[in-house]
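A.B. asks: Structure of the sequence below:
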Amino acid sequence: MKPLNFALIGAGRFGKHYIRLLKTNKKARLAAVCTKTNESLREISNTLPKNTIKTNDVDFVLKNQKIDCAIIATPLSTHYELALKTIKEGKHVLLEKPMVQTLPQAKKLSTAIKKSGVTFMVGHQYVYNDYINYIKAANEKNFFGQPKFFIAEHLYFGKTRNGVSCFWDAGTHQLSVLLYLFNPGKITSVSGQSIDISGLGFDNFTAATITFENNLAASLLVSSLSPHKTRKFAIIGDSGSAFFDDCAQKQKLELFKNAFPKTIKQFGKKIFAAKKIQSIKPKINENEPLKNQLEHFIYCVKNKKMPKTGIDESIVVTKWLQEISRKIKLPAKKVF
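C.D. replies: Residues are numbered from 1 along each chain as shown. This is a model prediction of the structure:
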């Protein structure tokens, strides 16, 4: 089967990773790159394969009948219009996260996708992380019993993507993992706070506590002002728990059996009593999550399969992002 011809729309900080991966994937060919300015094209020109179309004209790319798929890695404010235009041209779409800015936009994309029949996927790359998939397999074997708590931290230093709040940028990872692992249903309560330290109208710090209709509780912490990079997930169930540290150099994932305390009576009073914890340190052959994500997209296009992070799942993530953000609105002025 011939390689799929890809167009990359947007070749900035994140788009450059797709150039690297497409160059080495035998099932794909980087046929075109479209950027906003000629300066951007000049910056990446020496990294592109020969015969790659280089242009600032997105319509020229999308109307090219030889292009099968488009990866959209542009600012969030452009996602909806570009994705809709690409779908209407009959191209398969891999759209970087966050998908769109509002739930109505997400629903309009869904209608267009189902009408056109193209493959559509959002780049929730942690869903394609080998450690997260190990956790999912453990959960499907009832390792955790009833999941009780999901605790996540995503801290980094630097600006978020253009026009994206810290929570919509980093919290998207946390919520997509939460949905993928547990599918916990509707949100029943939200509390927390977002803080705009910079005064630019976007949060630099958000902490949120969320409960879902299946009684799972989640604690999410994101910040773009941490000097130390942190990517952590903890899962606590009534029969097993897990701790994942994506920044760890050696053991990234550890599972624990019997970590949840049991209630006993002591001197006529109920207390929590710890059990004997069993630690499991699995050895996992880890591939780059973005590579796994791209390969999954190619597989779905070639085999007409629904991606793991398709439109239906991404609508749920968008709905959660919007609902949580509305409940913990930014203060009118910066705090500091």
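A.B. asks: contacting residues for the residue nearest to the spatial centre of the chain?
C.D. replies: In the chain, the centroid-proximal residue (C-alpha atoms, centre = their mean) is residue 124; its distance is 2.7 Å. Contact analysis of residue 124 by C-beta atoms under 8 Å, 6 or more residues apart in numbering lists 97, 172, 173, 176, 177, 180, 309, 313, 314, 317. Using the backbone N, CA and C atoms, a C-beta is placed for each residue, glycine as well.
A.B. asks: mind checking which helix or strand the last one is in?
C.D. replies: Put plainly, it is residue 317. In this structure, residue 317 sits in helix 311-327 according to DSSP states H and E.
A.B. asks: In that helix, which of the residues would be classed as buried?
C.D. replies: By neighbour count with 16 or more other C-beta atoms under 10 Å, helix 311-327 contains the buried residues 311, 313-322, 324-325.
A.B. asks: all strands of the stretch 101-250 of the chain, in order?
C.D. replies: Applying DSSP state E, counting those that start in this stretch to the stretch 101-250 of the chain gives strands spanning 120-123, 147-157, 187-195, 205-212, 217-223, 225-237, 240-245.
A.B. asks: The last one pairs with which strands, parallel or anti?
C.D. replies: For strand 240-245, sheet partners with direction are given as strand 225-237 (antiparallel), strand 253-257 (antiparallel), following DSSP bridges.
A.B. asks: again, but for the fourth one
C.D. replies: Each strand paired with strand 205-212, and its direction, by DSSP bridges: strand 187-195 (antiparallel), strand 217-223 (antiparallel).
A.B. asks: Quick one: the ones you listed as CSV, columns for mean neighbour count too.
C.D. replies: Putting these into CSV (neighbours: other C-beta atoms under 10 Å) gives the following:
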stretch, mean neighbour count
strand 187-195, 16
strand 217-223, 21
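A.B. asks: To residue 253, which of these lies closest?
C.D. replies: Judged by C-beta to C-beta, the one of those that comes nearest to residue 253 is strand 217-223, at 19.0 Å.
A.B. asks: if you skip the residues just before and after it, what's nearest to residue 291?
C.D. replies: Leaving aside its sequence neighbours, residue 291 sits nearest to residue 21 (C-beta to C-beta, 6 or more residues apart in numbering; 5.7 Å).
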